[in-house]
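dropping the sequence and predicted coords here.
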Amino acid sequence: MNNIKVYTTNTCPWCTKVKNYLRSKNLNYEEVNVGLNRAAAVEMVNKSGQMGVPVLDIDGNIVVGFDKSRIDSLLDL
């Protein structure tokens, strides 16, 4: 079982694509809205070095953006 955290904002179309993709694979994930949670935004930047979303943390591996091939490789899809 993978531990997946997805950092998002309300206005990010790529965040929606990532979440839809994970759901299509029947994967559970924790969504963290960095637009509403300043501490989570700081956490995301510290992990990824990026201000933009989406950022995924998959078992401690950071994926910036909707990089489907990287996501698939980390999740053995």
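Arrived safely.

use CA for all of it now, contacts and neighbours both
Noted.

now the helices for this protein?
13-24, 38-48, 68-74 (DSSP state H).

list the buried residues of the first one.
This means helix 13-24. Neighbour-count burial for helix 13-24, counted by 16 or more other CA atoms under 10 Å, picks out 15-16, 18-19, 22.

which one among those gets closest to residue 55?
Set against residue 55, the nearest of those by CA to CA is residue 15 (8.4 Å).

what's the local residue count around the nearest residue to the closest one once chain neighbours are set aside?
The spatial neighbour of residue 15 that comes closest, neighbours along the chain excluded (CA to CA, 6 or more residues apart in numbering), is residue 54 at 5.1 Å. Residue 54 has 26 neighbouring residues, counting by other CA atoms under 10 Å.

ok, back up a step: closest one to residue 2 among the helices of the chain?
helix 68-74 (9.1 Å).

enumerate the positions of the closest one that are buried.
Applying 16+ other CA under 10 Å to helix 68-74 flags residue 71 as buried.

give the rounded mean pLDDT of it.
Confidence for helix 68-74, expressed as mean pLDDT, is 96.

nearest spatial neighbour of residue 51, skipping sequence neighbours?
Closest to residue 51 by CA to CA, 6+ apart is residue 45, at 5.9 Å.

and residue 3, which of the helices of the chain is closest to it?
helix 68-74 (10.9 Å).

the residue nearest to residue 63 when sequence neighbours are not counted: what's it in contact with?
Excluding its sequence neighbours, the residue lying closest to residue 63 (CA to CA, 6+ apart) is residue 56, at 5.0 Å. Residue 56 makes contact with 4-7, 62-65, according to CA atoms under 8 Å, 6 or more residues apart in numbering.

what do you get if the cut-off is 10 Å, keeping everything else the same?
4-8, 15, 18, 29-32, 44, 47-48, 62-67, 71 (CA atoms under 10 Å, 6 or more residues apart in numbering).

filter those residues down to the ones in strands?
Among the contacts of residue 56, the residues falling in strands (DSSP state E) are 4-8, 30-32, 62-64.
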